[in-house]
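Engineer: Provided below for reference: sequence and predicted model.
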Amino acid sequence: MKQSNIENDAVKVIEAVEGGGVAIVPLDVAYAIIGNSENAVRRIFGAKNRSFKKPSGMISNWQLFNEIQICSQLERDIVDCVINTHNLPMSTVAPFHRDHPLFDQVDPFVIDHSSKSGTIDMLLNAGKFHDELVNIAMDRQLPLFGSSANTSLQGSKYKLENIETPVRDAADISIDHGTSKYANSDGRSSSIIDLRDFKTIRVGVCYDEIANILLERFDINLIKNGLAGERADMG
């Protein structure tokens, strides 16, 4: 994919979301459906047949992770090692600064359904298009919230044409960049790790690699720490 196409498509998505719309976007871990307004979030949940008890995630990057999520230097070193040193995608769950300026114009309904028990799920390092989206969104003070572009509990989708019709129909704009980098037969998206206790919220792509990094570099055993249960299915 040419860089010019990535930039142009990212601008189109941001403009649609900025206008209150819904967008389906290609990420390395899976296609995702995102928005920013209350109406957009309601449309996303309705199209996916998703329970409002399951919060959305936030598309993010290393800078926003450091500004918004609250954690110790150890957790920051771990995330840095995974996403920057080893260039792997992951989602992190941690307490967050709800009063961050990026959230000033966000409807409380959106924040309430994109967080849980004072924590937020942030998707990190999910490809060039993901990074471009976040960079433009930051410039425009427009945080992006969403989840995998699929019917709830039916597995992530790695091609635009494989996304269920009700989900596709909910989008005002859909971007097709072919097959997601980490497409797999298990329907997995990003691995979600709770940084408070290093429990696994969801086993996703690159999970074995992430687990090995934490064990070898930081003596943290994700497998032994166990599962914390299902949360967001942000991809």
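Structural biologist: In hand now; what should we look at?
Engineer: angles on the backbone of Phe145, please.
Structural biologist: phi -120, psi 150 (degrees, to the nearest 10).
Engineer: cool, Ser91 as well?
Structural biologist: Torsion angles, degrees, to the nearest 10, at Ser91: phi -120, psi 140.
Engineer: identify the residues contacting it.
Structural biologist: By C-beta atoms under 8 Å, 6 or more residues apart in numbering, the residues touching Ser91 are 57, 121-124, 190-193, 201-202, 204, 232, 234. Any C-beta I mention is one placed from the backbone N, CA and C, and that applies to glycine too.
Engineer: from those residues, which shows the smallest pLDDT?
Structural biologist: Lowest pLDDT of these: Ala232, 42.
Engineer: closest to the centroid, which residue in the chain?
Structural biologist: The centroid of the chain falls nearest to Leu123 when counting by C-alpha atoms, centre = their mean (3.5 Å).
Engineer: mind giving me the packing neighbours of the one helix or strand that one maps to?
Structural biologist: Taking DSSP states H and E as the criterion, Leu123 maps to strand 119-124. Applying 3 or more C-beta pairs under 8 Å, 6 or more residues apart in numbering; DSSP states H and E, one finds that strand 119-124 contacts strand 57-59, helix 62-68, strand 90-95.
Engineer: tabulate the CA atom coordinates of the biggest helix by length in the chain in PDB.
Structural biologist: Across the chain, the longest stretch assigned as helix under DSSP state H is helix 3-18. Output in PDB follows, covering the C-alpha atoms of helix 3-18 (Å, rounded to 0.1, in the frame of the first residue of the first chain):
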ATOM      1  CA  GLN A   3       2.000   5.900   1.700                       C
ATOM      2  CA  SER A   4      -0.100   8.500  -0.300                       C
ATOM      3  CA  ASN A   5      -3.100   6.100  -0.300                       C
ATOM      4  CA  ILE A   6      -2.700   5.500   3.500                       C
ATOM      5  CA  GLU A   7      -2.700   9.200   4.200                       C
ATOM      6  CA  ASN A   8      -5.600  10.000   1.800                       C
ATOM      7  CA  ASP A   9      -7.700   7.100   3.200                       C
ATOM      8  CA  ALA A  10      -6.900   8.100   6.800                       C
ATOM      9  CA  VAL A  11      -8.100  11.700   6.100                       C
ATOM     10  CA  LYS A  12     -11.400  10.400   4.600                       C
ATOM     11  CA  VAL A  13     -12.000   8.200   7.700                       C
ATOM     12  CA  ILE A  14     -11.200  11.000  10.200                       C
ATOM     13  CA  GLU A  15     -13.500  13.500   8.300                       C
ATOM     14  CA  ALA A  16     -16.300  10.900   8.400                       C
ATOM     15  CA  VAL A  17     -15.900  10.300  12.100                       C
ATOM     16  CA  GLU A  18     -15.500  14.000  12.800                       C
END
